[in-house]
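> my questions concern the predicted model and sequence given below.
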Amino acid sequence: MVDNLYNLGDLKGHRIVAWNSRSLLNKIEEIDRIATISKAHFLGILESWLSPKIDNSEINLSGYQIVRFDRTAASGKIRGGGLVWYVHNDINYTPMYAFNICSPNIECLWICLHLTHTRPIYMGLVYRPPDAPVPLFLNELEGNLLEILSKGQSEINIFTDSNIDSSKPRNPDNKRYNDFLKRFGLSNMIKGVTHIKNGGLGFSAIDHVLTTNPHIFQTCGTIPSNASDHFPIYGVRKKPYANHPKVPIKSRAYSKINNNNFINDIESQDWSSVLVENPDTAWSNFKEIFLNTLHKHAPEKTYQSRRDTQPWVCNEFYESANERDDRQHKAKNTKSPIDQLLANQARNRTTALKRELKRMFFQKSIEEAQGDSGKLWKTLKRLMQNSSDKYKINSIDDHTDPIDIVNCLNDYFVEIGPKLADNMVDSNLVLEHDIPDIPQMELE
C-alpha cells in the first residue's frame, strides 16, 4: 500500500485510480494533479456532475482520452451523478457502450482493456445513489454482470461508490452485498476508510475495488485527500509476465567418438607436467591436456534451451494458475468450506482456460497450415507428441508382403481419426461441406 501519489507513480504495472470528486469541472486542476503525479493509466471519476452542455475540451487532460456517461432523464433526477474514464493514450481499449446503465438505482460505465495473450479485461465505474434500495441496485448490477459474462470468460474489475459501508458487517445491506460478491467471485480489495461523514464527525468505507482476479493486483488502497469527502482509491494491476530469454546449453556428441583413436591420442600426450607436487597445478595441467584432446574428438557445441514447448501458455494462464495456487494455500490454512469452494472454482477456471488456449492454438495452427501439408503434419505431430506409443503401428513389423503392409496402413489410418478426435478438446471450427464416409478398402 502507498501513502501518497508520488509513491503510486513509482510502482510498475497498470495504475488505476478512481475518485468520487462530487463535481469534475470545479476540480479539474486537482484531477490533473492526480493523473500527473500518480502516472495513472486509468483515472475514473464518479459523480462528475456533467451535462451535455459541457464539452470534452473543458475537461480535457493532456495524454488521455475521455469516455464519459452523463446522468440522463432515465435516472429520474436532473442534476448530479455521471461517470468519466480518463484512459491513457498508450492503452488499447474499447468503450462498451452497450453495457452502460443509467437508472434511478444504478449508474455504470464500462470499457474493455485489450492486452496481448489475455482474455478481455472489463473495467467498470459503478455508482449507487444513496436513496436507491440496495436490493434493486444489486438486481440491476447482476443483470449487467451476467450480460458481460455471456460474452465469454473475462476478468472484471469494478471501481465503485456503492454507498454500502463495508466496515459494518452486521448491516443487512452489507450482508446482501457480500453474498452478491461471493456469488460472482468478486473480492473487495479496499479495507480502510474511504469517506468522511458529517464534516469529519464520522468515517465509512463505501468506495470499493472489486475484482474477479485478486491475485493480479499488486496493491490496492486509498490516498487521504481533503479535496472531497471521498478519498481516491487505487489499484495497481500487475504487468504481463516478460518472456524469459533462452538459456544456452553446452554439450558434446560423445556417441561419435572413435574410442581407439581417442585412446591413442591420449596415450601420445606429454603428461610430465602433471607429475608435480602441487595438487592444484597438477589438476589444472591434467584438465587442460585432457580437454584439449577431447575437444578434437568431441567438439563442444552450444544449444538454446527450448522454453516454448507449450506455445499456448501465456500470461493469462500464469495469472490464473497463480490465483488457483494462492486460493488453495489459503483454503489449506483456514480450513474454511467457503475458501475451499473458491479454490475449487479457481482450479476449474484454470483447467478450462488451459483447454481453451490449447484448442484455440491448434485450431489457428491447422487453419494457417491449409495448403501446406508439411506444416499441417508438423502441427498434428505436436498435438500427438505426448502420445507416440498410443498411436504406434504395432502390427506392421509382422508383415513382409507389400499388399499386407498396404492393408495394415489402411486399417491404421481408418481407425486413427476417431482416436485422435476423442483426445482433442472441442473445436468451434465449422466445415463448409460435409465430408462423406470413406469405406474401408481391402487390396487383393
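Good, I have the coordinates. All of these numbers come straight from a predicted model, not from anything done at the bench.
> what's the average pLDDT for stretch 60-79?
Averaging pLDDT along stretch 60-79 gives 93.
> check stretch 409-425 too.
For stretch 409-425, the mean pLDDT works out to 64.
> tell me who's in contact with the residue nearest the centre of the chain.
For the chain, the residue nearest the mean C-alpha position is Glu316 (2.5 Å; Cα atoms, centre = their mean). Counting by Cβ atoms under 8 Å, 6 or more residues apart in numbering, Glu316 makes contact with His117, Thr118, Arg119, Leu353, Leu357. The way it works is simple: take the backbone N, C-alpha and C, and place the C-beta from them, glycine included.
> how much space separates the residue lying farthest from the centre of the chain from Ser62?
If you look at how far each residue of the chain sits from its centre, by Cα atoms, centre = their mean, the farthest one is Ser272, at 63.0 Å. Applying Cβ to Cβ, to the nearest Å, the value for Ser272 to Ser62 is 78 Å.
> and for Val126?
27 Å.
> higher neighbour count, those two?
Val126 (26 against 8; other Cβ atoms under 10 Å).
> CA atoms only: put the helix or strand containing Asp179 into CSV for me.
Applying DSSP states H and E as the criterion places Asp179 in helix 172-183. Extracted in CSV, the C-alpha atoms of helix 172-183 (Å, rounded to 0.1, in the frame of the first residue of the first chain):
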residue,chain,number,x,y,z
PRO,A,172,-28.3,-6.2,6.5
ASP,A,173,-27.5,-4.3,3.3
ASN,A,174,-23.8,-5.2,3.8
LYS,A,175,-24.7,-8.9,4.2
ARG,A,176,-26.7,-8.8,0.9
TYR,A,177,-23.8,-7.0,-0.8
ASN,A,178,-21.2,-9.6,0.5
ASP,A,179,-23.4,-12.5,-0.6
PHE,A,180,-23.7,-10.9,-4.1
LEU,A,181,-19.9,-10.6,-4.3
LYS,A,182,-19.4,-14.2,-3.4
ARG,A,183,-21.9,-15.3,-6.0
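> any idea how far whatever helix or strand comes next after that helix is from the chain center?
Reading on from helix 172-183 to the C-terminus, the next helix or strand found by DSSP H and E is strand 187-188. Per Cα atoms, centre = their mean, to the nearest Å, the displacement of strand 187-188 from the mean C-alpha position of its chain is 18 Å.
> other SSEs contacting strand 187-188?
strand 207-211 (3 or more Cβ pairs under 8 Å, 6 or more residues apart in numbering; DSSP states H and E).
> neighbouring strands - and their directions - for the helix or strand containing Leu125?
Leu125 belongs to strand 121-127 when elements are defined using DSSP H and E. Strand 121-127 has its sheet partners listed here by DSSP bridges as strand 107-113 (antiparallel), strand 155-161 (parallel).
> domain parsing for this structure?
What automatic domain parsing lists as the domains of the chain is 5-237, 248-304, 384-444.
> those domains: which one's closest to Ser320?
domain 5-237 (7.9 Å; Cβ to Cβ).
> any low-confidence regions in the stretch 1-150 of the chain?
1-3, 117 (pLDDT under 70).
> mind putting the strands paired with strand 121-127 into a markdown table with mean neighbour count and distance to Lys182?
Formatted as a markdown table, these follow (neighbours: other Cβ atoms under 10 Å; distance: least, Cβ to Cβ, whole Å):
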| stretch | mean neighbour count | distance to Lys182 |
| --- | --- | --- |
| strand 107-113 | 24 | 20 |
| strand 155-161 | 24 | 14 |
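> can I get these in TSV including distance to Leu145?
Listed next are these as TSV, based on distance: least, Cβ to Cβ, whole Å:
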stretch	distance to Leu145
strand 107-113	10
strand 155-161	7
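> and Tyr302, how close does it get to Val209?
One thing to correct before we go on: residue 302 is Thr, not Tyr. 48 Å.
> more crowded one of these two?
Val209 (23 against 8).
> could you say which helix or strand contains Glu415?
Assigned by DSSP H and E, Glu415 falls in helix 402-423.
> isn't Phe69 up against Ile111?
No - if you go by Cβ atoms under 8 Å, Phe69 and Ile111 don't touch, sitting 10.5 Å apart.
> can you tell me what sits against the helix or strand hosting Val87?
Secondary structure from DSSP H and E places Val87 in strand 83-88. With contact meaning Cβ under 8 Å, 6+ apart, strand 83-88 is reached by 24, 31, 35, 40-46, 48, 50, 59, 61, 63-69, 93, 107-109, 111, 123, 125, 127.
> same deal with stretch 220-230?
1-5, 8, 19-22, 27, 30, 46, 161, 189-190, 192-197, 207, 209, 231-236.
> buried sites along that stretch?
Cys220, Gly221, Thr222, Ile223, Ser225, Ala227, Ser228, Asp229, His230 (16 or more other Cβ atoms under 10 Å).
> out of the residues you listed, who's nearest Trp377?
Relative to Trp377, and with distances defined as Cβ to Cβ, the nearest of those is Cys220, at 49.4 Å.
> could you give me the average pLDDT of the one helix or strand Gly235 maps to?
Element membership for Gly235 (DSSP H and E) is strand 233-237. The average pLDDT within strand 233-237 is 95.
> and for stretch 327-337?
Stretch 327-337 comes out at a mean pLDDT of 86.
> neighbouring contacts of that stretch?
By Cβ under 8 Å, 6+ apart, the list of residues contacting stretch 327-337 reads Asp339, Gln340, Leu342, Ala343, Ala346, Arg347.
> what residue ranges in the stretch 301-444 of the chain are flagged as low confidence?
Those would be 304-310, 382-400, 413-414, 416-444, if you go by pLDDT under 70 across the stretch 301-444 of the chain.
> quick one on the thing from earlier: check which helices and strands the strand holding Gly235 is in contact with.
By 3+ Cβ pairs under 8 Å, 6+ apart, strand 233-237 packs against strand 14-20, strand 155-161, strand 207-211, strand 217-222.
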